[in-house]
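Trainee: just need the structure, nothing else, for what follows:
(chains A and B)
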Amino acid sequence: MSQSVQRTHEDQDQKQDFSERAVADAVLISDSIAIPERFAGIFDRHAPAIHRYAARRLGPDAADDLVAETFLLAFAQRDRYDTSWPDARPWLFGIATNLIGRRRRGEVRFLRAIARTGIDPAAGSAEPVADQVTDRVAAQAARKELAAALAALATADRDVLLLVASGLGYAETARALGLPVGTVSSRLARARRKVRKALGGVNPVATEEDSGDE
Amino acid sequence: MNEMKLVEEFCAAVPPPPPDRLAEARARVTAAVGVRRRGPRITPVRLAWTGALTVVSAAALVVGLGIPFGGSLAPSADAAQMLQRAAATALTQPVAGPGQYIYTEVTGPGNVILADGLPSTEPAVVKTWQSVDGTKAGAIESQNACGPLGRLQFGLLPGEALHPRPSSGPPLKASTSTGKPTPTPTSCSATILPTSWSPPASTYDGLKALPTSPSALLAYLNAHYQALHPRWLTLSSATREYLAISDILEYLGVLPGALESAMFRALAQLPGMSVVPHVTDYAGRTGTAVAWSNDSYLFELIFNPSTYQFMGQQEVAEPGNRAGTPAGQVVWGMALLAAYVTDTAPAVSRSTEFYPILWQDFAPGVPNTN
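Mentor: Reported below is the predicted structural model:
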């Protein structure tokens, strides 16, 4: 009997947990118009990803502030959320990208600092450990070149490249930036081409992949 | 390895933030959360800055010189929460670009100068066009019950010298044309008085350079005001901070969103802030105010109760105030009627005499007109 009661509780817990996870962002956002507290769930789900994205582009310290600004802005605009998008990630990444755009100079300074020193303050200790000293040196050199190449990109191209590299699909990136998907494709292709050129043509095969992007 | 893989690894190298790293951001967001129901958006409204307004404001403030800023009270949770919400809304401000103007339209008492040089207590509407980057002349025009009061250049251009203030006579005579409710004779001899804002960050672009973290902003304002207003050193730092923020809110109808947001978050840190749930502003609209008292006057920043957009400011006489003003009288107020970014400003004749008002004019001893 007691086991059965125990089992029932476990089932309920799982069910509650599952139902909580199953609620789409769009529903939480929509509910939060009447019950603002529900918006905290949006923060908890997505703040870590937004922080990583912002830290990549502006550095970890600036990211702290940017995360707060992103969610405050999102909260203020939640009544305009397009609920046909169940996942709020593109919307939030778009807001964060707009805010980063206002700090363009800060971003370029941050990238140039990495390009100059080879030290990436955003990477923390999570950088892949290279077996050989030569590998580490090579990785550092590659990072310098990459940071310099990213700093030299037009902001619009860098937005697309870093959103896609952060895990957004083409359609999601298009939604985030308010662009047609075709524009995302062509900007991504241009950004990749420029980075590739700056890195000295890392992979000539990639040129063929890109031809479909244009 | 192709370049996309490199960029992905560059992104993946950033570790997830530890939970405590997000704690402050979460606190800020949850403080803004808790709004019962978001109302319909209203046309963005913000304050304008006029010289005479500042004269009245400063005169009222002089009464409070030496009085501690609200004692050592902590801000009420309600005031802090409301300011956090206002800070969230401030981030939705439109962004102004180079070559554009900020248009601001405001009504309130005391924003025109009477022939005797004292601010009028009659209402007037003041419209300003301010160059975003300070590269073009702006304009200010005003009208009261008598009719239009004229239009002047607003703001200094780079390298432009300040004209000395004349020893006699107002700068511009009011129009005598009327057709409006019969005004008092003194009101009809009112003049508009343009001003320049003397702090270095005197344009929208200049204000963008101010710190956008609350503590850094407060430190900046404290240092700035100490340098600019040596005679205000007798005020507590919190008073200076409040006044500085109030001044910036007067200055432009559309402020850089990050700055305005930081200003409200900074106010949320100041001691002695309280909430006045129902306030009627000078345009007759209902709002909710965060307020601070110096025992003579209640200084209110008024917000739309649904959207937390900034609607204006006013200063209300409290019982037993030092100037003997009847309790409840609004001694100064600005109700923001409209504010937006625009590409054009009306022409102003360069021959129009330009009268800047400088901060050093607002010294202790300026008579309180009420």
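Trainee: for the residue lying closest to B:Pro16 once chain neighbours are set aside, give me the pLDDT.
Mentor: Spatial nearest neighbour of B:Pro16, excluding adjacent residues (Cβ to Cβ, 6 or more residues apart in numbering or on different chains): A:Pro48 at 4.9 Å. To be clear about C-beta, it is placed using only N, CA and C from the backbone, and glycine gets the same treatment. For A:Pro48, the pLDDT comes out at 95.
Trainee: my read is that A:Pro48 contacts B:Leu22, right?
Mentor: Yes. Between A:Pro48 and B:Leu22 there is a contact under Cβ atoms under 8 Å: 7.0 Å.
Trainee: okay, and B:Gly108 sits in which element?
Mentor: B:Gly108 belongs to strand B:101-109 when assigned by DSSP states H and E.
Trainee: now whatever helix or strand comes next after that strand against strand B:101-109, angle please.
Mentor: Using DSSP H and E, the helix or strand that follows strand B:101-109 in sequence is strand B:123-131. Inter-element angle recorded for strand B:123-131 and strand B:101-109: 160 degrees (by axes from the mean of the first three to the mean of the last three Cα atoms, to 10 degrees).
Trainee: who are the packing partners of strand B:123-131?
Mentor: Counting contacts by 3 or more Cβ pairs under 8 Å, 6 or more residues apart in numbering or on different chains; DSSP states H and E, strand B:123-131 packs against strand B:101-109, strand B:138-144, strand B:147-154.
Trainee: for stretch A:182-195, list the C-alpha coordinates in PDB.
Mentor: C-alpha atoms of stretch A:182-195 as PDB (Å, rounded to 0.1, in the frame of the first residue of the first chain):
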ATOM      1  CA  GLY A 182      17.500  34.100 -48.400                       C
ATOM      2  CA  THR A 183      19.200  37.200 -47.000                       C
ATOM      3  CA  VAL A 184      20.500  35.100 -44.000                       C
ATOM      4  CA  SER A 185      21.900  32.600 -46.400                       C
ATOM      5  CA  SER A 186      23.700  35.100 -48.600                       C
ATOM      6  CA  ARG A 187      25.100  37.000 -45.600                       C
ATOM      7  CA  LEU A 188      26.300  33.800 -44.000                       C
ATOM      8  CA  ALA A 189      28.000  32.800 -47.300                       C
ATOM      9  CA  ARG A 190      29.700  36.200 -47.500                       C
ATOM     10  CA  ALA A 191      30.800  36.100 -43.900                       C
ATOM     11  CA  ARG A 192      32.200  32.600 -44.300                       C
ATOM     12  CA  ARG A 193      34.000  33.600 -47.500                       C
ATOM     13  CA  LYS A 194      35.600  36.600 -45.800                       C
ATOM     14  CA  VAL A 195      36.600  34.600 -42.700                       C
END
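Trainee: contacting residues for A:Gly118?
Mentor: The contact partners of A:Gly118, taken as Cβ atoms under 8 Å, 6 or more residues apart in numbering or on different chains, are A:140-141, A:143-144.
Trainee: ok, and which of those residues reach chain B?
Mentor: Counting by Cβ under 8 Å from any Cβ of the partner chain, A:Arg143 from the contacts of A:Gly118 sit close to chain B.
Trainee: which one of the contacts of A:Gly118 is nearest B:Val14?
Mentor: Among the contacts of A:Gly118, A:Arg143 lies closest to B:Val14 (Cβ to Cβ), at 12.6 Å.
Trainee: burial measure for that closest one, as a count.
Mentor: Per other Cβ atoms under 10 Å in any protein chain shown, the neighbour tally for A:Arg143 reads 22.
Trainee: next one: A:Val27
Mentor: 14.
Trainee: touching, B:Thr239 and B:Asn294? I think so.
Mentor: Yes. If you go by Cβ under 8 Å, B:Thr239 and B:Asn294 touch, sitting 7.5 Å apart.
Trainee: tally of neighbours for B:Asp247?
Mentor: 18.
Trainee: ugh, typo on my part, it should be B:Ser306
Mentor: A count of neighbours around B:Ser306, defined by other Cβ under 10 Å, yields 16.
Trainee: could I get the phi/psi values of it?
Mentor: Main-chain torsions, B:Ser306, degrees, to the nearest 10: phi -100, psi -40.
Trainee: ok, the one 10 residues further on next?
Mentor: Dihedral angles phi and psi of B:Val316 (degrees, to the nearest 10) take the values phi -120, psi 130.
Trainee: same question, the one 3 residues further on
Mentor: Summarising the backbone geometry of B:Pro319 under the convention degrees, to the nearest 10, its torsions are phi -60, psi 140.
Trainee: what's the local residue count around it?
Mentor: Neighbour count for B:Pro319, taken as other Cβ under 10 Å: 10.
Trainee: could you find the closest non-adjacent residue to it?
Mentor: Nearest residue to B:Pro319, sequence neighbours excluded (Cβ to Cβ, 6+ apart): B:Ala327, at 4.2 Å.
Trainee: ok, that neighbour touching B:Asn321?
Mentor: Yes. B:Ala327 is in contact with B:Asn321 according to Cβ under 8 Å; the separation is 7.4 Å.
Trainee: more neighbours, the two?
Mentor: Set B:Ala327 next to B:Asn321 and count neighbours by other Cβ under 10 Å: B:Asn321 wins out with 23 against 11.
Trainee: hang on, the more buried one packs against B:Ser296?
Mentor: Yes. The pair B:Asn321 / B:Ser296 is scored as a contact, 3.8 Å apart, by Cβ under 8 Å.
Trainee: give me the pLDDT for B:Leu301.
Mentor: Reported pLDDT for B:Leu301: 96.
Trainee: the strand or helix carrying it pairs with which strands, and in what direction?
Mentor: For B:Leu301, the host element (DSSP H and E) is strand B:297-303. The strands beside strand B:297-303 in its sheet (DSSP bridges) come out as strand B:286-293 (antiparallel), strand B:310-317 (antiparallel).
Trainee: so after the last one, what's the next helix or strand?
Mentor: On the C-terminal side of strand B:310-317, the closest following helix or strand by DSSP H and E is strand B:330-342.
Trainee: which parts of that following strand are buried?
Mentor: Residues B:330-337, B:339-341 are the ones in strand B:330-342 that count as buried (16 or more other Cβ atoms under 10 Å in any protein chain shown).
Trainee: same check on stretch A:151-168?
Mentor: A:151-153, A:157-166, A:168.
Trainee: list of residues touching it?
Mentor: A:49, A:52-53, A:56-57, A:89-90, A:93, A:97, A:101, A:104, A:107-108, A:111-112, A:115, A:150, A:170, A:172-173, A:176-177, A:184, A:187-188, A:190-192, A:194-195, A:198, B:4, B:7-8, B:10-11.
Trainee: run the chain-centre distance for that stretch.
Mentor: Here stretch A:151-168 is found 10 Å from its chain centre; the criterion is Cα atoms, centre = their mean, to the nearest Å.
Trainee: pLDDT of that stretch, averaged?
Mentor: So the average pLDDT for stretch A:151-168 ends up being 95.
Trainee: that concludes my questions; thank you for your assistance.
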